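In: Mind folding the following:
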Amino acid sequence: MAHTSPTILWLRRDFRLGDHPALCAAVERGGPVIPVFILDEVAETHGAAPKWRLEQAVAQFAETLKAKGSRLILRRGKASDVLAQLVRDTGAGAVYWSRAYVPDQQARDTDVKSTLKDQGVDAQSFKGHLLFEPWTVETKTGGFYKVFTPMWNMVKTRDVPAPLAAPGDIPAPDNWPASDSLQDWGMGDAMQRGASVVAQHACIGEEKAKGRLGAFIAHKVQGYDTNRDLPWKDGTSRLSENLAVGEISPRSCWHAGMRAREEGKAGAETFLKELVWREFAYHLAHHTPRILDRNWKEDWDAFPWKTDERLAEVKAWKQGRTGIQFVDAAMREMYVTGTMHNRGRMIVASYLTKHLQCHWKIGLAWFEDCLIDWDPASNAMGWQWSAGSGPDATPYFRVFNPVTQLDKFDKNRDYVGAWIAEGRSRPADTALAYFDAIPQAWPIHADDAYPSPIVTAEEGRKKALSAYENRDF
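Out: Residues are numbered from 1 along each chain as shown. Sure thing, here's the model as predicted:
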């Protein structure tokens, strides 16, 4: 039965029109739809780069809605309080949103649902952030998957519904509620001068995300198996940025990958596996939320990682001045582009946690502050995988050698040349951009000498293995 009271569409990380179940349900309910974004108790905690990127997504989606004859209403405050007030202001009979899967977001949503139901409001969440709801993926004995490959084998033949079409029309109310100004919030202020550098590399909005997916499937997925390991080559989809803020849905990516596989494109199945790897992270975050802030393998709690972020080696790691070229190039790529090649992420994480024996939480927090494709579940699983403390992790005794890894994956040092300026007569523009992006408080200049290693590859490996030998794993 069609309703005439407005539906509030509460947007969080789903800034798209296509394949948006909550939006489609709001339109189908009947009556006006009032899209709302709240700078709430969860969004306020985001690091500098994720909050800046979220601001860009909000701004672009506001323009998208405007072109459809709709608007995006902006409010700031505790989500349950803001939505309760909006219901009173608009007479809305329903509030719809896309489901969340990590504890702080779920706690917020539970509070919202309870508050709204007390007001007699139809409060509903819809799928849209994942391919598979975590509680629908079980082992044969009924438990959850702790290893990726069996999970992949279980879901790879599952039917994934086709993406929903964008609604043709989004009914507008006769009178819109008041809205804050996005500019007044200053969501990107913490990025400081780095924002203008990163902005040159960001791919913002649903249309650009769809274009990025299309270009990947047309030109890159064929060689994805091999090229995704080469940091100097533009061989990955780069869709993590858009998936993180919901400018494209995982179902859209899945069906594009399935079509490519059916067409015989060799790298398509590996791309599909990467989508399920993201699912695996959320699967674990749902079933074992400790993965987000504690050692997933509890026997690692006694391991004597260094936790002091003021240490000189931590500072050098953060600044991309370790003297280990692969590590430094990857860290600098992050400051300039807001993202980092996956091979680089493994190398910098291994170096911090194994060569430097520093706690993975230091890296986890730093990535949360610096990555525009930051995702809470993927970030946590990635760091624990590298440290050895997580599920399906790289074995603790496997210590990536960042020098031989560079020889293998950047033989001609193209990646290094793209991101490290010191010691070069004609540094690349991307390498010089690092000095424009970093905090002015860092006394680093392009004409400085490149540092000697703070810990060599071999020395770090020996220290790591010695520390592991004294642990009862």
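In: Which parts of the chain are strands?
Out: Secondary structure of the chain (DSSP state E): strands located at 7-11, 33-39, 73-76, 94-98, 122-126.
In: Give me the pLDDT for the residue lying closest to residue 451 once chain neighbours are set aside.
Out: Leaving out its chain neighbours, the residue that sits closest to residue 451 by C-beta to C-beta, 6 or more residues apart in numbering is residue 323, at 4.3 Å. Yep, even glycine has a C-beta here, placed from its N, CA and C like the rest. In this model, residue 323 is scored at 98, pLDDT.
In: mind putting the strands of the chain in JSON lines, distance to residue 282, mean neighbour count and mean pLDDT included?
Out: Shown next, in JSON lines, are the strands of the chain (distance: least, C-beta to C-beta, whole Å; neighbours: other C-beta atoms under 10 Å; pLDDT from 0 to 100):
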{"stretch": "strand 7-11", "distance to residue 282": "19", "mean neighbour count": "26", "mean pLDDT": "98"}
{"stretch": "strand 33-39", "distance to residue 282": "22", "mean neighbour count": "24", "mean pLDDT": "98"}
{"stretch": "strand 73-76", "distance to residue 282": "27", "mean neighbour count": "19", "mean pLDDT": "98"}
{"stretch": "strand 94-98", "distance to residue 282": "13", "mean neighbour count": "24", "mean pLDDT": "98"}
{"stretch": "strand 122-126", "distance to residue 282": "15", "mean neighbour count": "18", "mean pLDDT": "98"}
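In: could I get these as CSV with distance to residue 165?
Out: As requested, those are exported to CSV (distance: least, C-beta to C-beta, whole Å):
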stretch, distance to residue 165
strand 7-11, 17
strand 33-39, 16
strand 73-76, 24
strand 94-98, 17
strand 122-126, 16
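In: Figure out which of those strands is closest to residue 219.
Out: strand 94-98 (30.6 Å; C-beta to C-beta).
In: contacting residues for the residue nearest to residue 451?
Out: 316, 450, 451, 452, 453, 454 (C-beta atoms under 8 Å, 6 or more residues apart in numbering).
In: Does the third one touch residue 322 like I think?
Out: I take that to be residue 451. Yes: assessed by C-beta atoms under 8 Å, residue 451 is found in contact with residue 322 at 7.3 Å.
In: quick one: which of the two has more around it?
Out: residue 322 (25 against 15; other C-beta atoms under 10 Å).
In: give me every residue that touches the more buried one.
Out: Each residue near residue 322 by C-beta under 8 Å, 6+ apart is listed here: 313, 316, 328, 351, 451, 453, 454, 455.
In: In CSV: the residues you listed, plus pLDDT and distance to residue 392.
Out: Shown next, in CSV, are the contacts of residue 322 (pLDDT from 0 to 100; distance: C-beta to C-beta, whole Å):
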residue, pLDDT, distance to residue 392
313, 97, 28
316, 98, 30
328, 98, 28
351, 97, 21
451, 97, 35
453, 97, 30
454, 97, 30
455, 96, 27
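In: Just among those residues, which is most surrounded?
Out: residue 351 leads the contacts of residue 322 on contacts (other C-beta under 10 Å) with 30 neighbours.
In: check contacts around residue 459.
Out: Contacts of residue 459 (C-beta under 8 Å, 6+ apart): residue 355.
In: Please read the previous query as pertaining to residue 421.
Out: Residue 421 neighbours (C-beta under 8 Å, 6+ apart): 427, 428, 431, 432, 434, 435, 446.
In: Find residues that contact each of residue 451 and residue 322.
Out: residue 316.
In: Hmm, residue 59 and residue 72 touching each other?
Out: No: applying C-beta under 8 Å as the test, residue 72 and residue 59 come out as separate, 9.1 Å apart.
In: And these two? Which one has more around it.
Out: residue 72 (21 against 17).
In: residues contacting the nearest residue to the more buried one once chain neighbours are set aside?
Out: Distances taken as C-beta to C-beta, 6+ apart place residue 62 nearest to residue 72, at 4.1 Å, with adjacent residues excluded. Residue 62 makes contact with 71, 72, 182, according to C-beta under 8 Å, 6+ apart.
In: with the residues you listed in mind, which one is nearest to residue 259?
Out: residue 72 (32.2 Å).
In: how far away is that closest one from residue 398?
Out: To residue 398, residue 72 is 47 Å away according to C-beta to C-beta, to the nearest Å.
In: Also residue 272?
Out: For residue 272, the distance to residue 398 (C-beta to C-beta) stands at 26 Å.
In: out of the two, which sits in the more crowded spot?
Out: Remark: of residue 272 and residue 398, residue 272 carries more neighbours, 21 against 12, as counted by other C-beta under 10 Å.
In: Please state the offset of the worst-scoring helix or strand of the chain on mean pLDDT from the chain centre?
Out: Least confident helix or strand, the chain: helix 457-469 with a mean of 91, by mean pLDDT, DSSP states H and E. Put simply, helix 457-469 sits 31 Å off its chain's centre (C-alpha atoms, centre = their mean, to the nearest Å).
In: Then stretch 92-110?
Out: For stretch 92-110, the distance to the chain centre is 19 Å (C-alpha atoms, centre = their mean).
In: ok, now stretch 36-52?
Out: Centroid separation for stretch 36-52 versus its chain: 13 Å, with C-alpha atoms, centre = their mean.
In: Quick check: residue 229 touching residue 415?
Out: No: judged on C-beta under 8 Å, residue 229 makes no contact with residue 415 at a distance of 11.5 Å.
In: Next, show the common contact partners of the two.
Out: With C-beta under 8 Å, 6+ apart as the test, residue 229 and residue 415 both reach residue 409.
In: quick one: which of those two has more around it?
Out: residue 415 (23 against 17).
In: Tell me who's in contact with the residue nearest to that one when sequence neighbours are not counted.
Out: Leaving aside its chain neighbours, residue 415 sits nearest to residue 232 (4.0 Å; criterion: C-beta to C-beta, 6+ apart). Neighbour list for residue 232: 410, 412, 414, 415, 418 [criterion: C-beta under 8 Å, 6+ apart].
In: Now do the contacts for the last one.
Out: Yep, that's residue 418 we're talking about. Contacts of residue 418 (C-beta under 8 Å, 6+ apart): 232, 329, 333, 428, 430, 431.
In: change it to 6 Å
Out: Residue 418 is in contact with 428, 430, counting by C-beta atoms under 6 Å, 6 or more residues apart in numbering.
In: Same question for the third one.
Out: Shown here is residue 414, whose contacts under the criterion C-beta under 6 Å, 6+ apart are residue 232.
In: Name the residues linked to the nearest residue to residue 181 once chain neighbours are set aside by a beta bridge.
Out: What sits nearest to residue 181 in space, not counting adjacent residues and going by C-beta to C-beta, 6+ apart, is residue 74, at 7.3 Å. In this structure, residue 74 bridges to residue 37 when assessed by DSSP bridges.
In: quick one: residue 366 and residue 340, what's the gap?
Out: In terms of C-beta to C-beta, residue 366 sits 11 Å off from residue 340.
In: Return the member of the contacts of residue 232 nearest to residue 161.
Out: residue 415 (39.2 Å).
In: Does that closest one touch residue 230 like I think?
Out: No: Residue 415 is beyond contact range of residue 230, at 8.2 Å (criterion: C-beta atoms under 6 Å).
In: Compare neighbour counts for residue 366 and residue 340 and give me the winner.
Out: It is residue 340, of residue 366 and residue 340, that has more neighbours when counted by other C-beta under 10 Å, with 23 against 20.
In: That concludes my questions; thank you for your assistance.
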